[in-house]
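Novice: below: sequence and its predicted model.
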Amino acid sequence: MFLYNVTLILDDAAAEEWLKWMQDIHIPQVMATGMFVSNRLLKVVDSPNEGVTYCAQYVAEILENYNKYQEIFAPALQAELNERYKNRFVAYRSLMEFVG
(Lines give C-alpha, C1' and ligand atoms only; values in the text may rest on other atoms or scores of the structure.)
Protein backbone atom coordinates (compact mmCIF):
# COMPACT_ATOMS: atom_id res chain seq x y z
CA MET A 1 0.00 0.00 0.00
CA PHE A 2 1.09 3.55 -0.71
CA LEU A 3 0.48 6.86 1.04
CA TYR A 4 0.29 9.98 -1.11
CA ASN A 5 0.94 12.96 1.17
CA VAL A 6 0.33 16.57 0.22
CA THR A 7 1.63 19.10 2.75
CA LEU A 8 0.29 22.60 2.26
CA ILE A 9 1.40 25.75 4.03
CA LEU A 10 -1.32 28.38 3.72
CA ASP A 11 -1.50 32.08 4.42
CA ASP A 12 -3.47 32.65 7.62
CA ALA A 13 -6.11 34.60 5.67
CA ALA A 14 -6.74 31.68 3.28
CA ALA A 15 -6.66 28.78 5.74
CA GLU A 16 -10.30 28.73 6.88
CA GLU A 17 -11.73 29.03 3.36
CA TRP A 18 -9.26 26.41 2.05
CA LEU A 19 -10.18 23.94 4.80
CA LYS A 20 -13.88 24.16 3.95
CA TRP A 21 -13.12 23.81 0.23
CA MET A 22 -10.92 20.75 0.89
CA GLN A 23 -13.54 19.04 3.04
CA ASP A 24 -16.56 19.87 0.89
CA ILE A 25 -15.14 19.77 -2.65
CA HIS A 26 -11.53 18.74 -3.24
CA ILE A 27 -11.20 15.59 -1.11
CA PRO A 28 -14.53 14.21 -2.38
CA GLN A 29 -13.32 14.85 -5.96
CA VAL A 30 -10.05 13.02 -5.30
CA MET A 31 -11.85 10.09 -3.70
CA ALA A 32 -14.37 9.97 -6.57
CA THR A 33 -11.52 9.04 -8.92
CA GLY A 34 -11.56 5.57 -7.35
CA MET A 35 -7.76 5.51 -7.14
CA PHE A 36 -7.58 5.72 -3.33
CA VAL A 37 -9.19 3.59 -0.62
CA SER A 38 -9.03 6.09 2.24
CA ASN A 39 -7.95 9.59 3.15
CA ARG A 40 -7.29 11.83 6.11
CA LEU A 41 -6.70 15.51 6.66
CA LEU A 42 -4.37 16.62 9.44
CA LYS A 43 -3.33 19.97 10.85
CA VAL A 44 0.31 20.30 11.87
CA VAL A 45 0.38 21.73 15.39
CA ASP A 46 4.12 22.30 15.76
CA SER A 47 4.98 23.63 12.31
CA PRO A 48 8.04 25.89 12.16
CA ASN A 49 6.51 27.70 9.17
CA GLU A 50 4.54 30.91 9.11
CA GLY A 51 0.90 30.38 8.26
CA VAL A 52 -1.13 27.22 8.79
CA THR A 53 0.14 23.79 7.73
CA TYR A 54 -2.06 20.86 6.75
CA CYS A 55 -1.36 17.39 5.39
CA ALA A 56 -3.87 15.72 3.08
CA GLN A 57 -3.15 12.00 2.85
CA TYR A 58 -4.56 9.42 0.46
CA VAL A 59 -3.99 5.66 0.54
CA ALA A 60 -3.64 3.68 -2.70
CA GLU A 61 -3.67 -0.11 -2.59
CA ILE A 62 -1.33 -0.48 -5.57
CA LEU A 63 1.23 1.77 -7.22
CA GLU A 64 -0.63 1.62 -10.54
CA ASN A 65 -3.58 3.45 -8.96
CA TYR A 66 -1.34 6.26 -7.76
CA ASN A 67 0.34 6.49 -11.17
CA LYS A 68 -3.03 6.56 -12.93
CA TYR A 69 -4.22 9.30 -10.57
CA GLN A 70 -1.12 11.39 -11.32
CA GLU A 71 -1.45 10.90 -15.07
CA ILE A 72 -5.21 11.30 -15.55
CA PHE A 73 -6.73 13.19 -12.61
CA ALA A 74 -4.07 15.20 -10.76
CA PRO A 75 -3.36 17.86 -13.42
CA ALA A 76 -6.92 19.24 -13.41
CA LEU A 77 -7.35 18.94 -9.64
CA GLN A 78 -4.03 20.66 -8.95
CA ALA A 79 -4.83 23.37 -11.50
CA GLU A 80 -8.05 24.15 -9.64
CA LEU A 81 -6.14 24.44 -6.35
CA ASN A 82 -3.54 26.68 -7.97
CA GLU A 83 -6.20 28.91 -9.50
CA ARG A 84 -8.32 29.26 -6.35
CA TYR A 85 -5.41 29.91 -3.98
CA LYS A 86 -2.77 31.41 -6.24
CA ASN A 87 0.13 32.94 -4.29
CA ARG A 88 -1.51 31.97 -0.98
CA PHE A 89 0.05 28.53 -0.40
CA VAL A 90 3.05 26.31 -0.93
CA ALA A 91 2.61 22.56 -1.47
CA TYR A 92 4.97 19.63 -1.08
CA ARG A 93 3.97 16.23 -2.40
CA SER A 94 5.49 12.87 -1.54
CA LEU A 95 4.74 9.20 -2.04
CA MET A 96 5.50 6.70 0.70
CA GLU A 97 5.21 2.93 0.85
CA PHE A 98 3.89 1.13 3.91
CA VAL A 99 6.59 -1.22 5.24
CA GLY A 100 5.15 -2.64 8.42
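Specialist: Cool, the structure landed. What you are looking at is a predicted structure, and each value in this text was computed from that prediction instead of being measured.
Novice: give me the secondary structure label for the closest residue to Arg84 other than its chain neighbours.
Specialist: In space, Arg84 comes closest to Trp21 once its chain neighbours are excluded; the distance is 6.9 Å by Cβ to Cβ, 6 or more residues apart in numbering. From N, CA and C alone the C-beta is placed, and that goes for glycine too. Three-state call for Trp21 (DSSP: H, G, I helix; E, B strand; the rest coil): helix.
Novice: straight-line length of stretch 23-42, end to end?
Specialist: 11 Å (Cα to Cα, to the nearest Å).
Novice: mean confidence (pLDDT) on it, please.
Specialist: In this model, stretch 23-42 has an average pLDDT of 98.
Novice: now do the buried residues in that stretch.
Specialist: His26, Ile27, Val30, Met35, Phe36 (16 or more other Cβ atoms under 10 Å).
Novice: list the contacts of it.
Specialist: With Cβ atoms under 8 Å, 6 or more residues apart in numbering as the test, stretch 23-42 has contacts from 4, 22, 54-61, 65-66, 68-69, 72-73, 77, 80-81.
Novice: ok, back up a step: which two of the buried residues of stretch 23-42 have the greatest separation?
Specialist: His26 and Met35 (14.3 Å; Cβ to Cβ).
Novice: stretch 33-44: end-to-end distance?
Specialist: Termini of stretch 33-44 sit 26 Å apart (Cα to Cα).
Novice: swap that for stretch 15-26, sorry
Specialist: End-to-end for stretch 15-26, by Cα to Cα: 14 Å.
Novice: with stretch 36-52 instead?
Specialist: Termini of stretch 36-52 sit 26 Å apart (Cα to Cα).
Novice: can you give me the helices in the chain?
Specialist: Under the criterion DSSP state H, helices of the chain are mapped to 12-21, 27-32, 63-68, 74-84.
Novice: so for Ser47, which of those helices sits nearest?
Specialist: Per Cβ to Cβ, nearest to Ser47 of those: helix 12-21, 11.7 Å.
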